[in-house]
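Engineer: Sequence below, structure please.
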Amino acid sequence: MSDLRTATREIHRLAEQTPFAQALIKGTLSAQHWALYLYNQHSAYAAIESRVKFDIPDMQRSANILRDIAAIDQPGAMILTDAARLYVDHVLTLPEDLLWSHVYVRYMGDLAGGQLIKKLYAKHPHSVLEFNDSTATIAYIRSKVADADRAEAVRCFESVIEHFKQLGQLMQI
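Structural biologist: Below is the predicted model:
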């Protein structure tokens, strides 16, 4: 996995530097913007979870996202970005072995930086960032991504960057 982390370090940094990511990690998103972010996240997680059979319950994130969205009650925030649509289309065409690169990027992000974000958005529903056993979940992901495709992980980050750009435009960040 360290090869995967090394291979994605630079593009991961670029994703974190987008204006939307900066607003996210500063904790400045409104309830409506948080709902918009979650709605778009749901499309990605639902696509992955429709294709990958996970052996532990902590990996099922899309149901938590839907609960969070419902609790926020911001129906006007349900706008799916073009980047999210393209990402879902891409994920739905991938063989399962390449999907683990996407699991690495998205789920490990929730287990790492997502824990900071959870604290920043304590006032908004954030069950998507809560894990029953984060240590076991991290170990599970690491066991599955040992041979993950580095180029596909970079593609996932490229999609995240485009998605963040489009969210930033929608939110006028």
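
Engineer: Spatially nearest residue to the one residue sitting closest to the centre of the chain (excluding sequence neighbours)?
Structural biologist: The centroid of the chain falls nearest to residue 106 when counting by Cα atoms, centre = their mean (4.1 Å). Closest residue to residue 106 apart from its sequence neighbours, by Cβ to Cβ, 6 or more residues apart in numbering: residue 44 at 6.5 Å. For glycine as for every other residue, the C-beta is placed from the backbone atoms N, C-alpha and C.

Engineer: about what we covered before: now the element after the helix or strand where the residue nearest to the centre of the chain lies, going C-ward?
Structural biologist: Residue 106 is part of helix 96-111 when elements are defined by DSSP states H and E. Downstream of helix 96-111, the next assigned helix or strand under DSSP H and E is helix 113-120.

Engineer: tilt between that next one and helix 96-111?
Structural biologist: 40 degrees (axes from the mean of the first three to the mean of the last three Cα atoms, to 10 degrees).

Engineer: quick one: average confidence on helix 113-120?
Structural biologist: The average pLDDT for helix 113-120 rounds to 93.

Engineer: now for it, which elements pack on it?
Structural biologist: helix 19-26 (3 or more Cβ pairs under 8 Å, 6 or more residues apart in numbering; DSSP states H and E).

Engineer: Tell me how far the helix or strand just after the helix it packs on lies from the chain's centre.
Structural biologist: Counting by DSSP H and E, the next helix or strand C-terminal to helix 19-26 is helix 31-51. Relative to its parent chain, helix 31-51 has a centroid offset of 8 Å by Cα atoms, centre = their mean, to the nearest Å.
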